[in-house]
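S.K.: Generate coordinates for the sequence data below:
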Amino acid sequence: MKYDKIVLAGGNGYLGKVLQEYYKPLAREVIVLSRKPSPSFENIRTISWDARTQGEWVECLNHADLLINLCGKNVNCRYTPENKAEIINSRVTPTTLLAHAIQSLAVPPRLWINVTSATIYRHAEDRPQDEDTGEIGYGFSIDVCRKWEEAFFENPTPGTRKVALRMGVVFGKRDGAFPRLLALARLGLGGKQGNGQQYMSWLHEQDAAKCTEWLLQNEAVSGILNCTSPNPAKNEVVMAALRKACGMPVGIPAPAWLLEIGTRVIGTEMELLLKSRWVLPKRLLDHQFEFSYPEIGHAVNDIVWQP
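M.R.: This is a model prediction of the structure:
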């Protein structure tokens, strides 16, 4: 085994399950901090916490090789005042709690990764956004990201290296945006959304997991990193790749007015579909991180053709 203990806070969601499977053969123990109890499976163990108060769970962080914080209410909802408050609190409160827990430990985790979001950058159609020259945007989603990262960095953890991983849209077969977009393509509804010119900063799920281990091994890297494919693609290109992969020659487009109706019906926000997220992983590339799936066509084919 390469590692002794990997801890995934809020690790029962889609990306958490990807990370569980990735680290299962690499670590002696994978611990999931979750509000919902779950039976142990092989070397994956779930420990209950409420993500608000310290308890016996704090001890599991002692001697951990890696802590990954994945806590946060799904943003795929209408931004009502109640949902807005829960979206913020479900990120800021666990992050602050984990910082205080780490400060109390004799042997804290070697590395703490907070999985934040690449949506912190502005709507960009003119040029890509990276860690050095990217411009922080405005609006509710950006306020969430800003408060999230402030909670992460304002609480010092001298014995634990910290990385805020600004992750793009993770593509995988089991959940997230990908299966929903693929379902549209298979129904012949996989045309461009809006004008189709908005960029999508996407990432294959295996590269998302691989990046966290790479950070564990590269001890000189800390601070803010973008975690996206080096080749973001426009919406019309992503949808074309999905149609090609599933063999659907037709893709009816969805103009903005129709999307506005649809998002209200299904209870989500237009921003999630039409914001142009043109984000580049400059620091990862500068440090020679090698993506397994850098091209949208290859990534889509790999996921669609998985058994």
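S.K.: all helices for the stretch 201-307 of the chain, in order.
M.R.: 205-217, 235-246, 256-266, 271-274, 282-286, 296-304 (DSSP state H, counting those that start in this stretch).
S.K.: Helix or strand, whichever it is, which one in this structure has the lowest mean pLDDT?
M.R.: Lowest on mean pLDDT, DSSP states H and E among the helices and strands of the chain sits helix 256-266, with a mean of 72.
S.K.: related to what we said a few turns ago, TSV please, covering the helices of the stretch 201-307 of the chain and showing mean neighbour count.
M.R.: Where you see a C-beta, it was placed from the backbone N, CA and C, and this is true even at glycine. Below are the helices of the stretch 201-307 of the chain laid out as TSV (neighbours: other C-beta atoms under 10 Å):
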stretch	mean neighbour count
helix 205-217	20
helix 235-246	21
helix 256-266	12
helix 271-274	17
helix 282-286	17
helix 296-304	20
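S.K.: Mean pLDDT lowest where, among those?
M.R.: Here the lowest mean pLDDT among those goes to helix 256-266, at a mean of 72.
S.K.: what pLDDT does the most centrally placed residue in the chain get?
M.R.: By C-alpha atoms, centre = their mean, the chain has its centre lying nearest to M167, at 4.6 Å. Looking at M167, its pLDDT stands at 97.
S.K.: ok, it - contacts?
M.R.: By C-beta atoms under 8 Å, 6 or more residues apart in numbering, the contact set of M167 is V115, T116, S117, A118, L203, A208, C227, T228.
S.K.: SS state for the second one?
M.R.: When the structure is split into helix, strand and coil by DSSP: H, G, I helix; E, B strand; the rest coil, T116 lands in strand.
S.K.: now for the helix or strand in which V92 is found, which elements pack on it?
M.R.: For V92, the host element (DSSP states H and E) is helix 81-103. With contacts taken as 3 or more C-beta pairs under 8 Å, 6 or more residues apart in numbering; DSSP states H and E, helix 81-103 sits against strand 66-69, strand 111-117, helix 140-153.
S.K.: follow-up on the earlier one: partners of the residue nearest to the centre of the chain in the sheet?
M.R.: Beta bridges link M167 to S117, C227, judged by DSSP bridges.
S.K.: distance of it from L284?
M.R.: Look at M167 and L284: by C-beta to C-beta, to the nearest Å, they are 12 Å apart.
S.K.: Any chance of a markdown table for the helices of the stretch 201-307 of the chain, columns distance to V58?
M.R.: Shown next, in a markdown table, are the helices of the stretch 201-307 of the chain (distance: least, C-beta to C-beta, whole Å):
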| stretch | distance to V58 |
| --- | --- |
| helix 205-217 | 21 |
| helix 235-246 | 42 |
| helix 256-266 | 39 |
| helix 271-274 | 35 |
| helix 282-286 | 31 |
| helix 296-304 | 37 |
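S.K.: State the distance from L66 to L216.
M.R.: 5 Å.
S.K.: Give the residues shared as contacts by those two.
M.R.: By C-beta under 8 Å, 6+ apart, L66 and L216 have these common neighbours: Y3, R110, L111.
S.K.: Surely the first one touches V30?
M.R.: Read that as Y3. No - using C-beta atoms under 8 Å, Y3 makes no contact with V30, being 9.2 Å away.
S.K.: Pull up the overlap in contacts between these two.
M.R.: Y23.
S.K.: who has more neighbours, those two?
M.R.: A count of neighbours by other C-beta atoms under 10 Å puts V30 above the other of Y3 and V30, at 26 against 17.
S.K.: In three-state terms, label the more buried one for me.
M.R.: Secondary structure assignment for V30 (three-state DSSP): strand.
S.K.: let's number from 378 now, not from 1
M.R.: Taking 378 as the first residue, the last one we looked at is V407.
S.K.: Tell me the pLDDT of it.
M.R.: Looking at V407, the pLDDT reads 98.
S.K.: now do G567
M.R.: We have a pLDDT of 88 for G567.
S.K.: Give me the neighbour count for it.
M.R.: By the measure other C-beta under 10 Å, the count of residues near G567 is 26.
S.K.: Quick check: the gap between it and S599.
M.R.: According to C-beta to C-beta, G567 stands 40 Å off from S599.
S.K.: got a list of what L561 touches?
M.R.: Taking C-beta under 8 Å, 6+ apart as the test, what L561 contacts is G567, M616, L619.
S.K.: Distance from the chain centre to the strand or helix carrying it, please.
M.R.: Applying DSSP H and E as the criterion places L561 in helix 554-563. Centroid separation for helix 554-563 versus its chain: 18 Å, with C-alpha atoms, centre = their mean, to the nearest Å.
S.K.: Burial check on V598, number of neighbours?
M.R.: V598 has 18 neighbours, counted by other C-beta under 10 Å.
S.K.: Check the contact between N420 and R405; I expect there is one.
M.R.: Yes - counting by C-beta under 8 Å, N420 does reach R405; the two are 6.6 Å apart.
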